[in-house]
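Student: quick check, what structure comes out for this input:
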Amino acid sequence: MLEQSGTISGYYAELNPAKIDYDVVVLVQITLTGQSAAILKDFETAVVRIPNLLACFLLAGAKDYVLRIAARDVADYGEIHSNHLAGLPHVQSMESSFVLRTVMNRGLPVDLI
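Tutor: This next block holds a predicted model:
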């Protein structure tokens, strides 16, 4: 019933990144050159092609997007940056922050339904 109504949109297994040698998580804040529908579409079409992209959020505020990227190590992130992030269209600025520790990461609790 919850699946049919769209309340449950999917199921997934949560992998422990360290167990599969992805020890680095990077949050990347992106500012675009503009906010037109065409600019947003160009960016979003390109960004979803990044294989290491875990999440992409459009923001209201000083930055336009925040990305969550998985990498094996800092050198691997450098390759992701050079080969994928640096080529994204309409990017004015990009700021990367390395996650030191995940304190909590969960979905919406079922008891809120």
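Student: identify the residues contacting residue 77.
Tutor: Contact partners of residue 77, counting by Cβ atoms under 8 Å, 6 or more residues apart in numbering, are 24, 26, 69, 71, 96. Where C-beta positions appear, they are placed from N, C-alpha and C, glycine not excepted.
Student: quick check: the fourth one touching residue 54?
Tutor: No - assessed by Cβ atoms under 8 Å, residue 71 is found out of contact with residue 54, at 10.4 Å.
Student: pLDDT-wise, which helix or strand of this structure ranks last?
Tutor: Comparing every helix and strand of the chain by mean pLDDT, DSSP states H and E singles out helix 2-5 as the least confident one, with a mean of 84.
Student: need the next SSE after that one, C-terminal direction.
Tutor: Along the chain past helix 2-5, the next helix or strand (assigned with DSSP states H and E) turns out to be strand 24-32.
Student: list the contacts of the nearest residue to residue 21 once chain neighbours are set aside.
Tutor: When the adjacent residues along the chain are set aside, residue 21 lies closest to residue 72, with 5.4 Å between them (Cβ to Cβ, 6 or more residues apart in numbering). When the contact criterion is Cβ under 8 Å, 6+ apart, the partners of residue 72 are 21, 22, 23, 24.
Student: now residue 72: how far from residue 52?
Tutor: Look at residue 72 and residue 52: by Cβ to Cβ, to the nearest Å, they are 9 Å apart.
Student: in what helix or strand does residue 39 lie?
Tutor: When elements are defined using DSSP H and E, residue 39 is found to belong to helix 37-47.
Student: residues touching that helix, excluding its own?
Tutor: If you take Cβ under 8 Å, 6+ apart as the criterion, helix 37-47 is touched by 30, 32-33, 53, 56, 58, 65, 67, 87-91.
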